[in-house]
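Visitor: What would the 3D arrangement of this be:
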Amino acid sequence: MNYLRFLQIPTINKIIPIHLITVGSNNQPYLNRPVGLPYHQIFIVTKGKGVFRIFGVGDVELVPGEAIIVLAGTSHEYFPLTKNGWELAYVGFDGQLANLILSQLNLNGEKKFTIQQYDIVWEHIEELWLIAKKNESTIQWQTSECLYSILLKIKRLSQSDVSLDNIDEGSQNEHIRKAAEYICTNYSKPITTAYLSNMIGYSPQHFTRLFKDLYKTTPHQYLSNIRLEKSKYILEKERTLQISEVADRVGLEENYFIRLFKNKYGITPGFYRKKLLLQ
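Guide: This is a model prediction of the structure:
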């Protein structure tokens, strides 16, 4: 199996309904994407074992032959579990019809797929790579055709860990995902379950039940998890900020923030920062 390098398409033809942004593979180190990326990504494991941590949802462990699609704007991090490396093939894409295609193929949730004969999908990724390397005027049209073929192959050859939703459930889940996206984008603002449920037209009780069915946690806990993950990132990247400023950045009162942080991570934000400074 050949090893691809990172390749990114420099310009985008917006007429094309689904377009390639990046393709490649590497021996994956730890990466933190606290606000996600502005495009969707397919990841397929070709060697080793590692974890994708979807903030507010949980951990997804992946081994060779397994794949995950991380949607645009999804807060996440990922890291290897095996000492001899964790190799990932990846494809980044976007476009006006990208969301619709993922929804129709039921590939738009935070779940992993086991791909039967994943070498077939890998061959198509290699083909996509070779097309993208060409300096031709039709490159974006060609990569779009190949990208759509890859998505179809993933759907046809995969077994999802989550059963297919019926049409009504899919429609409801789309509303719930929009609420979750709102939380990820506006976590620093005052957000209540009543506000979220009203935003998508459900009663608070019905909204909470659907949200818990999809994300295995309540809207309130999901918001708390996002805020705490964001606070860890701020503590790591902006080490001169006061703890009160960090709390304010994530929409929490200082004492409540400290209590939540300690309950989740076992140490206070101040002690967590001290440990970082000693590293």
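Visitor: Give me the nearest residue to the one residue sitting closest to the centre of the chain, chain neighbours excluded.
Guide: The centroid of the chain falls nearest to residue 70 when counting by C-alpha atoms, centre = their mean (3.4 Å). Distances taken as C-beta to C-beta, 6 or more residues apart in numbering place residue 41 nearest to residue 70, at 4.8 Å, with adjacent residues excluded. Every residue, glycine included, has its C-beta placed from N, CA and C.
Visitor: for this structure, what spans make up the helices?
Guide: 98-104, 118-133, 139-157, 167-186, 193-200, 204-215, 219-237, 243-249, 254-265, 269-278 (DSSP state H).
Visitor: list the buried ones in the second one?
Guide: Residues of helix 118-133 classed as buried under the neighbour-count rule (16 or more other C-beta atoms under 10 Å) are 118, 121-122, 124-126, 128-129, 131-132.
Visitor: Next, the distance between the ends of stretch 239-256.
Guide: Distance across stretch 239-256, first residue to last, is 20 Å (C-alpha to C-alpha, to the nearest Å).
Visitor: could you give me the average pLDDT of that stretch?
Guide: For stretch 239-256, mean pLDDT is 93.
Visitor: ok, and what's touching that stretch?
Guide: For stretch 239-256, the surrounding residues in contact (C-beta atoms under 8 Å, 6 or more residues apart in numbering) are 187-191, 227-228, 230-231, 234-235, 238, 257-258, 260, 269-270, 273, 276-277.
Visitor: returning to that earlier point: got the helices of the chain as CSV, with distance to residue 49 columns?
Guide: Compiled in CSV, the helices of the chain are given as follows (distance: least, C-beta to C-beta, whole Å):
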stretch, distance to residue 49
helix 98-104, 26
helix 118-133, 15
helix 139-157, 20
helix 167-186, 27
helix 193-200, 36
helix 204-215, 24
helix 219-237, 23
helix 243-249, 33
helix 254-265, 24
helix 269-278, 27
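Visitor: Any idea which of the ones you listed gets closest to residue 55?
Guide: helix 219-237 (4.4 Å; C-beta to C-beta).
Visitor: which strands and helices sit next to the closest one?
Guide: helix 167-186, helix 193-200, helix 204-215, helix 243-249, helix 254-265, helix 269-278 (3 or more C-beta pairs under 8 Å, 6 or more residues apart in numbering; DSSP states H and E).
Visitor: quick one: buried residues of that helix?
Guide: So for helix 219-237, counting by 16+ other C-beta under 10 Å, buried means 219, 222-235.
Visitor: who wins for proximity to residue 23 among the helices of the chain?
Guide: The nearest among these, by C-beta to C-beta, is helix 118-133 at 5.3 Å.
Visitor: Can you list the neighbours in contact with the closest one?
Guide: 1-2, 4, 7, 9, 20, 23-25, 44, 46, 64-65, 67, 89, 91, 115, 139, 142-143, 146-147, 149-150, 153-154, 157.
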